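kindly generate the corresponding structure for this input.
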Amino acid sequence: MPRKYHGKYRIESTRLKNFDYGSNGVYFITIVTRDRDNFFGKIIDNEIKLTPAGKIVKKNWYKIPQKFTFIRLDEFVVMPNHIHGILWIEKTDGAGDRSDGDNAGNRRDAINRVSTDTDTDTDTDTNTDMKTESKPEKMIGGITGKNNPMLQNNISRVIRWYKGRCTYEIKKFLTVFAGQSRFHDRIIRNENELNRIRKYIILNPRRWQKDRNNDEDW
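So this is what the prediction gives:
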């Protein structure tokens with residue numbers, strides 16, 4: 001099992017050179033609260049009991065495909081001070097939108113593409129702006145214009161929206177809630193790795209006492 005989710009969520013390598021993080025693929029996402037504060041809930045009898053903040057991060061995760069139609073969700077868990085989830089990018093046209101066609105085929109193609117195109121460890125740490133929900137259709141993109149990566153259909157844009165939406169809603173009633181500008185992602189390269197990570201996510205509540213201090217900042 002990769003060190004990414006066996007030990008601390010710290011960066012040991014840069015993003016994979018020349019890899020398009022907006023291309024079809026499967027990504028393991030980890031987001032952790034600042035100072036590892038348990039804003040999201042408590043583990044009781046190996047199950048998470050969500051706080052109002054925890055309910056918000058869960059609700060908004062399941063809204064991601066409504067906001068970004070090229071995203072498909074996989075396993076996901078909210079923990080007291082972090083979340084783990086798997087996201088599929090499944091683009092079927094030039095705009096990056098997902099059709100209702102052969103989704104199973106799309107998933108196989110995504111796994112095959114990542115397996116073929118990557119040959120190094122790809123734990124990453126991505127800078128994102130988490131102030132408010134982004135509205136790219138009204139943005140110019142600064143000096144980079146339409147080439148601004150925050151306007152592209154990629155993992156960074158998705159997580160930027162998710163973190164911003166959650167932070168905005170939570171701070172309405174929990175002003176001490178704070179987030180850092182980073183998240184962690186790992187490209188999942190084959191079916192065996194995908195199944196191991198799925199299992200890890202499912203069993204995460206049972207590992208809480210062991211792993212509770214092994215996560216980096218939100």
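
quick one, phi/psi of Glu47?
Reported as degrees, to the nearest 10, the phi and psi values for Glu47 are phi -130, psi 150.

no, scratch that, I was asking about Thr33
Backbone torsions of Thr33, given as degrees, to the nearest 10, read phi -70, psi 160.

how many neighbours does it have?
Thr33 is flanked by 23 other residues according to other C-beta atoms under 10 Å. C-betas here are computed from N, CA, C, even on glycine.

ok, the one 5 residues further on next?
A count of neighbours around Asn38, defined by other C-beta under 10 Å, yields 16.

tell me the spacing between it and Val32.
11 Å (C-beta to C-beta, to the nearest Å).

go on, Val26?
Using C-beta to C-beta, which is the criterion applied here, Val26 is 21 Å from Val32.

check for me that Asp74 belongs to a helix.
No - judged by DSSP: H, G, I helix; E, B strand; the rest coil, Asp74 forms no part of a helix; its state is strand.

and it, how far from Arg198?
Taken as C-beta to C-beta, the span from Asp74 to Arg198 is 7 Å.

mind listing the shared neighbours of Asn38 and Val32?
Asn81 (C-beta atoms under 8 Å, 6 or more residues apart in numbering).

who's the closest spatial neighbour of Lys58, skipping the chain neighbours?
Val78 (5.1 Å; C-beta to C-beta, 6 or more residues apart in numbering).

so what's Phe177 up against?
Thr33, Phe39, Ala53, Thr167, Ile170, Lys171.

and which of these is nearest to Asn190?
Using C-beta to C-beta, Thr33 is the member of the contacts of Phe177 that sits closest to Asn190, with 30.9 Å.

my guess is that closest one meets Asn81, correct?
Yes - Thr33 is within contact range of Asn81, at 4.6 Å (criterion: C-beta atoms under 8 Å).

residues shared between the contacts of the two?
With C-beta under 8 Å, 6+ apart, Thr33 and Asn81 have common neighbours Phe39, Phe40.

Gly41 pairs with what?
Leu50 (DSSP bridges).

wait, Ile31
Ile83.

thought it was touching Ile83?
Yes - the criterion here is C-beta under 8 Å, and Ile31 meets it with Ile83 at 5.2 Å.

between the two, who's got more neighbours?
Neighbour totals were compared for Ile31 and Ile83, and Ile31 leads with 27 against 24 (other C-beta under 10 Å).

can you give me the separation between the more buried one and Arg165?
Taken as C-beta to C-beta, the span from Ile31 to Arg165 is 12 Å.

can you give me the strands for the chain?
Using DSSP state E, the strands of the chain run over residues 25-32, 41-44, 47-50, 71-78, 82-89, 124-127, 182-187.
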